[in-house]
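>>> this one's sequence-less:
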């Protein structure tokens, strides 16, 4: 499976490299696109020292620790949210008859290596935050766990989004609210948002476990919403459950797909 | 009586004879010549409206996403204004309103780019057809784009405002005069947005690949229009600069008129200046493209 993915991704990479100047430009621009979010954070913090109880460097830590898994998923699996385009164009049918998992084919379809720039940008911000924040070294074991958790959660949300498009063929943009909306939401401390929204992203769509809950542990902070301490460590469980649900939804979508015959 | 030969007459079409009836080239030519006037553009605007009205579900999906992002962005602004009440001359309600008004502009002003099919038509060569149409390409597309914007203002503009009103509460202008000013400024904003996107699209004639300029344009528009964060928050001279650039005419200026923090007159003057400048640049670029298409031989 991984080999097939790598082969398909390499094919698209070679295609993208055919226009070298364009390729380089897109990598650089990709970095700038995500850097606008950092620019917004810096603009906000030019007027205040704390946003909902968190300092600039803490917010940058949250940004980096969510941005890295988000950018990774944006690079590796986000193309599954183009299901509706394939349904309308009839190209999904050709994918179904090939002897490779449809999900793998879709995730690797139009693989955009230029998005790697965004991964580097998020990693740089995370590195900066780690360098300036005086973090307790005994709590840093959580960092790789939270990055892995975040990657699984975002990949699952994109897969759920792709599955939803079997129903929402005419309105695929709804899915963006949850994928890109999730990316936007996790850039800031959740204490910024209203209580109901935070409940929703903790107990329904577990975006809180991408970075918020584990970051509270790493930063040694109490939850302003008062969740008990053991919740900080529930990330992997939440990610596992969501991945399972996403897998089931995807199978349901594929099973109930009726070709348009085009 | 032979039909008068127009400089942009397509030599591929036969010149019509005197007995040409309805449906023939002559009839069409006469009808079209009569239509090169306000009524042609009004009709194009109506077609632009109807073309986009076909995709209701897509527009509503966009409105939903804009509303969700509105809630997320407004929450951040609320946190900032709680730390700094009265920042930049807005109170919390004004900041929240600003956020949802600019989210409502994403559709009509196409702040995330797109809205014109021009790059595709340039690549396929269909642009040659567009250039021989009986009206200037730029005005033709502007009329269509105004129709599109009118539709998207209704379907993608209202839902975010309603969501903002339901979740946080927003202010609305009281007197009808200010509503009129808002409407004028939104229209002017769409014109500036079109003029900018038209230029971006035409650049495809010189660059083989349009993705680079499209991303550049999106980058400038999202950050410098005030959609991501009010331009009044940019510090010092940088703030002065970004508020004088054309992108400010697309979201910041009409939003300020909506909030009453700027007068409609000064905002319109600012938008008109940039609109005129960009449209003039677009007209020049169109002329250059016309020559280029001829050179390539179609």
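Structure received. Because the structure is predicted, anything quoted here is derived from the model rather than measured. Residues are numbered from 1 along each chain as shown, chains lettered A, B, ... in the order given.

>>> What residues of the biggest helix by length in chain B count as buried?
Using DSSP state H to define each element, chain B has its longest helix at helix B:264-296. Using 16 or more other Cβ atoms under 10 Å in any protein chain shown as the test for burial, helix B:264-296 gives B:264, B:267-268, B:270-271, B:274-275, B:278-279, B:282, B:285-286, B:289-290, B:293. In this view, the C-beta of every residue, glycine as well, is placed from N, C-alpha and C.

>>> One more: stretch B:114-121?
Buried, per 16+ other Cβ under 10 Å, within stretch B:114-121: B:115, B:116, B:118, B:119, B:121.

>>> Checking the residue of chain A found nearest chain B next. Helix, strand or coil?
Proximity of chain A to chain B (Cβ to the nearest Cβ) peaks at residue A:171, 3.5 Å away. Using DSSP: H, G, I helix; E, B strand; the rest coil, the structure places residue A:171 in coil.

>>> Now do the contacts for residue B:149.
B:107, B:108, B:109, B:190 (Cβ atoms under 8 Å, 6 or more residues apart in numbering or on different chains).

>>> Columns pLDDT, secondary structure and distance to residue A:163 on top of these, output as JSON lines?
Formatted as JSON lines, the contacts of residue B:149 follow (pLDDT from 0 to 100; DSSP: H, G, I helix; E, B strand; the rest coil; distance: Cβ to Cβ, whole Å):
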{"residue": "B:107", "pLDDT": "93", "secondary structure": "helix", "distance to residue A:163": "27"}
{"residue": "B:108", "pLDDT": "94", "secondary structure": "helix", "distance to residue A:163": "32"}
{"residue": "B:109", "pLDDT": "94", "secondary structure": "helix", "distance to residue A:163": "33"}
{"residue": "B:190", "pLDDT": "97", "secondary structure": "helix", "distance to residue A:163": "37"}
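
>>> quick one: which of these is nearest residue B:224?
residue B:109 (12.6 Å; Cβ to Cβ).

>>> Can you check the pLDDT for residue 215?
Using chain A here. pLDDT recorded at residue A:215 is 96.

>>> Switch to chain B, please.
On pLDDT, residue B:215 comes in at 88.

>>> Quickly find the element holding it.
Here residue B:215 sits within helix B:211-224, counting by DSSP states H and E.

>>> Which residue ranges of the chain form helices?
Because you didn't say which chain, this covers chain A. A:2-17, A:20-45, A:56-76, A:83-89, A:91-97, A:102-108, A:116-132, A:142-164, A:174-185, A:195-203, A:212-218, A:235-256.

>>> wait, chain B
Applying DSSP H to chain B gives helices spanning B:25-35, B:38-53, B:56-83, B:92-109, B:118-124, B:127-131, B:137-152, B:158-167, B:176-202, B:211-224, B:236-244, B:252-259, B:264-296.

>>> circling back to that earlier point, output the buried residues of stretch B:114-121 as a markdown table; include the columns pLDDT and distance to chain A.
Output for the buried residues of stretch B:114-121, formatted as a markdown table (pLDDT from 0 to 100; distance: Cβ to the nearest Cβ, whole Å):
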| residue | pLDDT | distance to chain A |
| --- | --- | --- |
| B:115 | 79 | 14 |
| B:116 | 87 | 19 |
| B:118 | 88 | 19 |
| B:119 | 86 | 14 |
| B:121 | 85 | 20 |
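
>>> Can you tell me which of those is nearest residue B:41?
residue B:116 (16.6 Å).

>>> could you list every residue that touches whichever residue of the stretch 1-150 of chain B sits closest to chain A?
Of all residues in the stretch 1-150 of chain B, residue B:61 sits closest to chain A, at 3.5 Å by Cβ to the nearest Cβ. Residue B:61 sits next to A:168, A:171, A:172, A:173, A:174 when contact means Cβ under 8 Å, 6+ apart.

>>> Quick one: name the residues of chain B near chain A.
For chain B, the residues in contact with chain A (Cβ under 8 Å from any Cβ of the partner chain) are B:55, B:57-58, B:60-62, B:64-65, B:68-69, B:71-73, B:75-76, B:78-80, B:82-84, B:87, B:208-209, B:211-212, B:215-216, B:218-219, B:222-223, B:228-229, B:233-235.
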